[in-house]
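Asks: Got a sequence here, can you build the structure:
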Amino acid sequence: MKISVEFDMTPEEFRQSLGLPDVQDMHREMMDLVINKMQAGEAGFDPLTFYKSFMDKSVANVPDIFMNMMASSNKK
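Replies: Model (predicted):
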């Protein structure tokens with residue numbers, strides 16, 4: 001049996017229906033803080049250093065992700 005359900009709601013309405021908090025103001029404040037620190041040239045907030053910290057962690061996990069996918073496909 002296959003059942004399909006369609007909801008016609010905005011992302012805001014969906015967030016509210018799940019009971020998730022509205023973090024738009026906090027996100028805006030954090031982005032303003034980061035942008036101000038970048039514009040002021042504060043250490044560690046130059047674009048290359050700032051984004052490199054995120055990319056190093058993401059790229060480092062790629063081999064593990066592929067190995068886990070291959071291991072799970074062999075179990076079938």
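
Asks: any weak-confidence spans in the chain?
Replies: Applying pLDDT under 70 to the chain flags the ranges 56-62, 73-76.

Asks: quick one, longest helix in this structure?
Replies: As assigned by DSSP state H, the longest helix anywhere in the chain is helix 24-40.

Asks: tell me the centre residue of this protein?
Replies: F54 (10.6 Å; C-alpha atoms, centre = their mean).

Asks: From L48, how far out is that residue?
Replies: 11 Å (C-beta to C-beta, to the nearest Å). Bear in mind the C-beta positions are built from the backbone N, C-alpha and C, glycine included.

Asks: Also M9?
Replies: For M9, the distance to L48 - C-beta to C-beta - is 40 Å.

Asks: tell me the helices in the chain, going along the chain?
Replies: 11-18, 24-40, 47-60, 62-74.

Asks: Put together CSV for the ones you listed, with distance to V5 on each row.
Replies: Below are these laid out as CSV (distance: least, C-beta to C-beta, whole Å):
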stretch, distance to V5
helix 11-18, 13
helix 24-40, 28
helix 47-60, 34
helix 62-74, 29
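
Asks: So which elements touch the longest helix of the chain?
Replies: helix 47-60 (3 or more C-beta pairs under 8 Å, 6 or more residues apart in numbering; DSSP states H and E).

Asks: picking up where we left off before, restrict the longest helix of the chain to CA atoms and write it as PDB.
Replies: What follows is helix 24-40, C-alpha atoms only, in PDB (Å, rounded to 0.1, in the frame of the first residue of the first chain):
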ATOM      1  CA  GLN A  24      16.300  34.300  12.000                       C
ATOM      2  CA  ASP A  25      17.200  37.200  14.300                       C
ATOM      3  CA  MET A  26      20.000  35.300  15.900                       C
ATOM      4  CA  HIS A  27      21.300  34.200  12.500                       C
ATOM      5  CA  ARG A  28      21.200  37.800  11.300                       C
ATOM      6  CA  GLU A  29      23.100  39.000  14.400                       C
ATOM      7  CA  MET A  30      25.800  36.300  14.000                       C
ATOM      8  CA  MET A  31      26.300  37.100  10.300                       C
ATOM      9  CA  ASP A  32      26.600  40.800  11.100                       C
ATOM     10  CA  LEU A  33      29.200  40.100  13.700                       C
ATOM     11  CA  VAL A  34      31.200  37.900  11.300                       C
ATOM     12  CA  ILE A  35      31.000  40.400   8.500                       C
ATOM     13  CA  ASN A  36      32.100  43.200  10.800                       C
ATOM     14  CA  LYS A  37      35.100  41.200  12.000                       C
ATOM     15  CA  MET A  38      36.000  40.400   8.400                       C
ATOM     16  CA  GLN A  39      35.800  44.000   7.400                       C
ATOM     17  CA  ALA A  40      37.900  45.100  10.400                       C
END
